[in-house]
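Enquirer: got a structure for you, letters missing:
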């Protein structure tokens with residue numbers, strides 16, 4: 001009997017601000033079964049209509065630092081020298097063991113930390129079609145000052161140079177095409193040889209009796225490890 005491993009995939013997605021990674025992943029999760037978005041932990045307070053356990057796990061600074069001390073996070077960072085953001089391990093491991101694939105949409109620094117700990121995870125980089133289009137997308141948001149947009153643009157230029165550290169790159173020129181590519185990558189990863197649990201010939205005695213195979217060639221179970 002041939003079967004896929006029941007454990008889910010850990011999928012790490014990064015890309016510069018304005019590349020469209022959040023939009024792509026939301027559609028992938030909507031289209032595919034047994035896949036969900038990881039929820040980050042933060043020490044900042046909820047904003048607007050944000051809900052604890054849905055948008056983030058909101059904790060105190062002391063609680064976050066306790067999680068760091070107890071090695072309960074896959075990665076974490078301090079943003080603007082003030083607030084903690086991180087990825088809790090326990091819930092992700094629980095989902096993966098249930099056969100649910102988990103997507104982390106995080107920055108490159110966080111992704112590289114995870115790669116050190118879990119190199120077998122799937123790493124996808126979302127690339128804008130060009131820097132000019134990226135700039136247009138950032139301006140079109142109309143939510144930030146010119147200085148902030150310039151800062152994001154400079155950061156994006158640095159981040160794009162890190163794409164070689166990922167397994168796959170998807171250029172987000174047309175949204176539906178980019179979504180299809182990400183879904184195809186995930187499906188292909190599940191078919192990789194090292195993700196097959198076992199190949200087992202259950203009826204070998206019957207096959208030997210009927211002369212379909214020779215006994216001398218059936219000394220051991222056939223397996224892929």
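Expert: Yep, it's here. Keep in mind that what you see is a predicted model, and the values were worked out from it rather than measured.

Enquirer: tell me how many other residues surround residue 37.
Expert: 16 (other C-beta atoms under 10 Å). The C-beta positions use only the backbone N, C-alpha and C, and glycine is treated the same way.

Enquirer: repeat for residue 35
Expert: Residues near residue 35, counting by other C-beta under 10 Å, number 20.

Enquirer: correct me, but it touches residue 189?
Expert: No: with contacts counted by C-beta atoms under 8 Å, residue 35 stays clear of residue 189, the gap being 11.8 Å.

Enquirer: can you give me the strands for the chain?
Expert: All strands of the chain, identified by DSSP state E, fall at 2-4, 10-14, 35-37, 41-42, 57-58, 73-79, 83-88, 101-105, 122-127, 168-171, 196-199.

Enquirer: helices and strands around the longest one, which ones?
Expert: Packing partners of strand 73-79 (3 or more C-beta pairs under 8 Å, 6 or more residues apart in numbering; DSSP states H and E): helix 61-69, strand 83-88, helix 89-97, helix 108-117.

Enquirer: out of the ones you listed, which is the most enclosed?
Expert: Comparing these by mean neighbour count (mean count of other C-beta atoms under 10 Å), strand 83-88 comes out on top with a mean of 20.

Enquirer: partner strands of it, with direction?
Expert: Applying DSSP bridges to the sheet, strand 83-88 is found paired with strand 41-42 (antiparallel), strand 73-79 (antiparallel).

Enquirer: and residue 106, how many neighbours?
Expert: The burial count for residue 106: 23, using other C-beta under 10 Å.

Enquirer: what sits against it?
Expert: Residues in contact with residue 106 (C-beta atoms under 8 Å, 6 or more residues apart in numbering) are 12-14, 40, 75, 87, 114.

Enquirer: now swap in residue 7 and tell me
Expert: Per C-beta under 8 Å, 6+ apart, neighbours of residue 7: 96-97, 99.

Enquirer: give me the distance between it and residue 79.
Expert: 31 Å (C-beta to C-beta, to the nearest Å).

Enquirer: and for residue 63?
Expert: For residue 63 relative to residue 79 (C-beta to C-beta), the value is 17 Å.

Enquirer: tell me the one of the contacts of residue 106 nearest residue 47?
Expert: Closest approach between these and residue 47, by C-beta to C-beta: residue 40, at 13.7 Å.

Enquirer: is the closest one in contact with residue 86, as I believe?
Expert: Yes: the criterion here is C-beta under 8 Å, and residue 40 meets it with residue 86 at 6.6 Å.

Enquirer: all set now, cheers.
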